[in-house]
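# With the sequence up front, the predicted model follows.
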Amino acid sequence: MRIALLTEGGYPYARGESVLWCDRLVRGLGSHEFEVYALSRGRRQEEAGWYGSHGLPAHVRRVRTAPLWGEPAPAANRSRGRAYHGESAERFAEHFSRLAHALCAPSPGTAEGRAADEASSEASSEEDRFADALYGLADLAAEHRGLGAALRSEQAVRLLEAAAHAPSASRVVRATGVSDLLAVLERLERALRPLSLDWYGPRADRPAHVRTEEEAGLAGVDLCHAVGGGLAALPGLLARRSFGTPLLITEYGVRLREHHLESLAGFAGAARPVGVRGGTRKGVAADGAAGRPVAGSRISGVGGISGVGSAAGGSVGAAAGVRALLGSFQRRLAVEAYRRAEVITPGNAHARGWQERCGAERGRLRTVYSGMDAAPFVTVPDDSGAQEAAPTLVWVGQCDPARDVRGLLHAFARVRADRPGVRLLLVETRTGVDPSCARECRELADRLFPPAADGQAAVEFAKLGDERVPTAAEAYARATVVVRSSAVEGFPPALVEAMFSGRAIVCTDVGAAAEVIGGTGLLVPPGRPEPFADACLALLADPERRARLGAAARARAMELFTVEQNVAAFHGIYLELISRRSYRQPDAGSREPLGGEVKPFARTADGQLAVRLVDGEQRAVAPVAAGAEGPSWAAQAPAGVDLARAVGAGSTLRGEAG
């Protein structure tokens with residue numbers, strides 16, 4: 001079958017989120033064809049190129065990209081150098097006004113939001129109004145080849161201002177000024193760029209005889225797999241609405257949660273006077289003009305909001321209003337994506353909880369753990385269960401405040417007080433968000449653990465890849481006990497690596513840590529050095545228990561967290577979703593919602609393969625033209641085309657749009 005992989009700031013770029021996971025999934029499912037539709041987050045990400053020096057797999061038919069940063073592409077602005085007029089302007093005003101009122105409404109679940117719901121006499125919810133407005137804007141974008149000029153027009157500013165200052169708006173939003181609303185509109189224009197892309201089939205004004213297969217875009221795929229419930233899901237929502245294409249959403253890091261964390265960091269930065277350390281954070285994005293780092297932003301202008309306070313005159317209240325509006329957009333979009341997706345696959349129970357709070361139905365949720373490569377770690381020798389004269393605690397990770405390495409050092413001081421021969425190895429995988437954090441931790445270690453007479457340091461700092469610790473596997477091989485002291489955590493890959501290595505673990509009970517280690521390690525409360533030290537001492541004093549826990553951890557990791565189990569799970573989900581899909585397809589240029597009765601199993605999974613067994617022989621066949629009815633193997637190959645050679649080499653047609 002043909003899968004559209006929808007990403008935001010990740011695969012196929014060399015720098016980004018979920019790059020390794022997506023690459024392993026695509027390579028593990030070589031029997032399917034993939035098309036990648038990628039939204040990039042910054043100039044530096046695009047300049048870094050695509051993942052893998054050896055190129056993408058042959059069964060990745062094409063890659064199409066679009067930026068969420070900088071100015072709108074000139075091609076997207078062609079034929080619309082000004083905002084809408086006449087009937088189109090009235091339709092834009094109707095849809096954008098509804099969108100703006102939905103964003104300005106109080107957050108559901110709060111006292112203000114419950115009071116607004118009780119006072120409202122309208123039957124439809126804010127989520128329904130947001131969805132109707134979103135799809136209305138998508139239709140306008142399809143007819144006029146874009147929304148950029150309209151979203152940057154004076155009309156849009158006035159509509160958003162009216163919604164923000166309406167009595168129904170939340171109190172924090174009513175405090176925003178025009179400059180704040182301009183900042184919000186700039187970010188909304190970038191966030192809504194997926195509505196204006198040419199990924200949804202040939203233009204209606206283009207003659208049918210000159211349309212190409214590449215133009216079919218999402219109209220010609222069998223399934224949309226969105227990596228995240230944020231902006232990556234937008235193209236999948238439009239494909240589902242227009243063509244009935246099933247939508248699968250996978251989240252290993254919940255985009256809404258990440259947005260809130262980034263926004264809070266930016267809000268704290270806006271509250272600090274200029275020059276106070278920690279007031280800004282450098283992200284991966286860069287502005288389109290000069291390539292300068294954008295403070296606190298993962299998507300330039302879309303993710304975090306650091307720097308908004310200074311743009312609005314340094315007002316913390318203004319930054320809170322902008323944060324509320326951008327957070328409302330992310331939340332409404334996530335709710336709509338979760339409502340429409342056929343299946344949602346959280347990577348752990350922590351992510352599942354966020355999705356359920358956003359209205360995801362439990363019947364559509366299936367936990368699929370992230371697949372990791374176990375090969376580098378299974379060669380690490382098992383814990384022998386012998387008592388060691390100089391045991392070593394090993395920590396591996398990124399040194400930043402969220403990992404609470406300072407708390408770990410205080411806990412280790414208690415361990416050393418009871419067992420002076422214990423050592424601590426801190427292996428930094430990469431430079432943290434705040435480089436000063438590592439320096440402060442070294443200074444704290446020097447104060448807590450003065451050099452011994454024999455010259456042996458109690459705490460050793462190392463960087464992964466150095467001569468002392470060339471690989472993560474060698475770091476874990478040196479461990480008597482692996483420790484993890486995070487104050488904030490999502491899904492912790494370092495814990496899985498330690499489990500692959502067969503090591504007992506002491507970690508704080510945050511994020512998905514309890515779900516990952518199960519009963520194969522010791523969990524302690526975060527931010528409390530005393531119980532952390534007690535847990536380490538208990539394992540150091542009982543080598544047989546430590547060895548049993550390490551063996552159990554390795555067995556659990558090999559069962560749940562390997563690449564093989566991840567690929568097998570998604571292969572089954574793909575086949576299930578395609579079996580539900582109706583064989584009826586609208587014209588590739590149509591954007592009308594799919595109607596008619598769905599006929600399960602009318603379009604079988606084996607009908608999507610490019611190679612079939614015909615009369616006992618393997619024969620290659622060409623896919624049917626996009627938008628035509630019937631299975632993709634029904635069309636005959638063009639004369640003179642050696643399809644056997646083409647299929648054997650793989651179709652590598654790739655292009656970029658947007």
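Yep, that arrived. Numbers count the residues shown, from 1 in each chain.
# need the contact list for the residue most central in space within the chain.
Nearest to the geometric centre of the chain sits Gly228, at 4.5 Å (C-alpha atoms, centre = their mean). Contacts for Gly228 (C-beta atoms under 8 Å, 6 or more residues apart in numbering) come out as 7-8, 18, 249-251, 253, 255. (Glycine included, C-beta is placed from N, CA and C.)
# what's the helix or strand for Ala183?
Counting by DSSP states H and E, the element that carries Ala183 is helix 178-191.
# helices and strands around that helix, which ones?
With contacts taken as 3 or more C-beta pairs under 8 Å, 6 or more residues apart in numbering; DSSP states H and E, helix 178-191 sits against helix 148-151, helix 154-164, helix 308-311, helix 316-340.
# how about it: buried residues?
180-185, 187-191 (16 or more other C-beta atoms under 10 Å).
# Same list (the contacts of Gly228) but as TSV, adding secondary structure.
Shown next, in TSV, are the contacts of Gly228 (DSSP: H, G, I helix; E, B strand; the rest coil):
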residue	secondary structure
Thr7	strand
Glu8	strand
Ser18	coil
Ile249	strand
Thr250	strand
Glu251	strand
Gly253	coil
Arg255	helix
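# Of those, just say which sits nearest to Arg145.
Glu8 (22.5 Å; C-beta to C-beta).
# tell me which residues form a beta bridge with the closest one?
Assessed by DSSP bridges, Glu8 has beta-bridge partners Leu39.
# Could you pull up the residues touching it?
By C-beta under 8 Å, 6+ apart, Glu8 lies in contact with 38-39, 41, 68, 227-228, 230-232, 255, 299.
# Equivalent analysis for Leu448, please.
For Leu448, the contacting residues are 409-410, 412-413, by C-beta under 8 Å, 6+ apart.
# Might you specify the subset of the contacts of Glu8 located within strands?
38-39, 227 (DSSP state E).
# on that earlier part again, would you turn the helices and strands packed on helix 178-191 into CSV with mean pLDDT?
Listed next are the helices and strands packed on helix 178-191 as CSV, based on pLDDT from 0 to 100:
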stretch, mean pLDDT
helix 148-151, 90
helix 154-164, 94
helix 308-311, 36
helix 316-340, 86
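# Mind putting those helices into CSV with mean neighbour count?
Shown next, in CSV, are those (neighbours: other C-beta atoms under 10 Å):
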stretch, mean neighbour count
helix 148-151, 22
helix 154-164, 19
helix 308-311, 22
helix 316-340, 23
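# quick one: low-confidence ranges for this protein?
Applying pLDDT under 70 to the chain flags residues 53-54, 73-83, 109-124, 202-215, 255, 257, 259-318, 431-434, 453-455, 582-658.
# could you redo the last one with a cut-off of 80?
Applying pLDDT under 80 to the chain flags the ranges 16-17, 52-54, 72-84, 107-125, 201-216, 253-319, 430-435, 451-456, 580-658.
# which residues does the nearest residue to Pro67 once chain neighbours are set aside contact?
Closest residue in space to Pro67, ignoring its immediate chain neighbours: Ser40 at 5.1 Å, by C-beta to C-beta, 6 or more residues apart in numbering. By C-beta under 8 Å, 6+ apart, the residues touching Ser40 are 9, 13, 46, 65-69.
# what separates Gly70 from Ala232, distance-wise?
19 Å (C-beta to C-beta, to the nearest Å).
# Over to Arg61?
Distance of Arg61 to Ala232, computed by C-beta to C-beta: 19 Å.
# And these two? Which one has more around it.
Ala232 (28 against 23; other C-beta atoms under 10 Å).
# do you know how far the more buried one is from Leu68?
Taking C-beta to C-beta as the measure, Ala232 and Leu68 are separated by 10 Å.
# ok, now Leu99?
From Leu99 over to Leu68 the distance is 18 Å, taken as C-beta to C-beta.
# and what of Glu388?
Counting by C-beta to C-beta - Glu388 and Leu68 are separated by 51 Å.
# got a list of what Asn340 touches?
Careful, residue 340 is Arg and not Asn. Residues in contact with Arg340 (C-beta under 8 Å, 6+ apart) are 237, 240-241, 247.
# Do you have the helices of the stretch 501-650 of the chain handy? List them.
Using DSSP state H, counting those that start in this stretch, the helices of the stretch 501-650 of the chain run over 513-517, 529-541, 543-560, 563-580, 643-649.
# Does anything pack onto the first one? Which helices or strands?
Packed against helix 513-517, as judged by 3+ C-beta pairs under 8 Å, 6+ apart, are the following elements: helix 493-500, strand 505-508, strand 522-524.
# got these as TSV, with distance to Glu356 and mean neighbour count columns?
Output for the helices and strands packed on helix 513-517, formatted as TSV (distance: least, C-beta to C-beta, whole Å; neighbours: other C-beta atoms under 10 Å):
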stretch	distance to Glu356	mean neighbour count
helix 493-500	24	26
strand 505-508	24	27
strand 522-524	23	20
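# Rebuild the ones you listed as a markdown table, extending it with distance to Ile578.
Shown next, in a markdown table, are the helices and strands packed on helix 513-517 (distance: least, C-beta to C-beta, whole Å):
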| stretch | distance to Ile578 |
| --- | --- |
| helix 493-500 | 31 |
| strand 505-508 | 40 |
| strand 522-524 | 41 |
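# out of these, nearest to Gln565?
With C-beta to C-beta as the measure, helix 493-500 is the member of the helices and strands packed on helix 513-517 nearest Gln565 (12.1 Å).
# Extract the C-alpha set from that closest one and format it as CSV.
Extracted in CSV, the C-alpha atoms of helix 493-500 (Å, rounded to 0.1, in the frame of the first residue of the first chain):
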residue,chain,number,x,y,z
PRO,A,493,15.4,6.3,26.1
ALA,A,494,18.4,6.2,28.4
LEU,A,495,16.5,3.9,30.8
VAL,A,496,15.7,1.5,27.9
GLU,A,497,19.4,1.5,26.9
ALA,A,498,20.3,0.6,30.5
MET,A,499,17.7,-2.2,30.5
PHE,A,500,19.1,-3.5,27.2
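# Now tell me what touches it from outside.
Against helix 493-500 from outside (C-beta under 8 Å, 6+ apart): 370, 372, 374, 377-378, 380, 396-397, 429, 472-473, 476, 479, 482, 484, 505, 507, 513, 516-517, 520-521, 553-554, 556-558, 561.
# So how do I select the buried members of those residues in ChimeraX?
This is the ChimeraX syntax for the buried subset of these, where burial follows 16+ other C-beta under 10 Å:
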select :370,372,374,377,380,396,397,429,472,473,476,479,482,484,505,507,513,516,517,520,521,553,554,556,557,558,561
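# Next, work out how far apart the residue nearest to Pro67 and Leu248 are.
Look at Ser40 and Leu248: by C-beta to C-beta, they are 22 Å apart.
# sorry, back to before: I'd like to know which of the helices and strands packed on helix 513-517 lies nearest to Tyr574.
helix 493-500 (24.3 Å).
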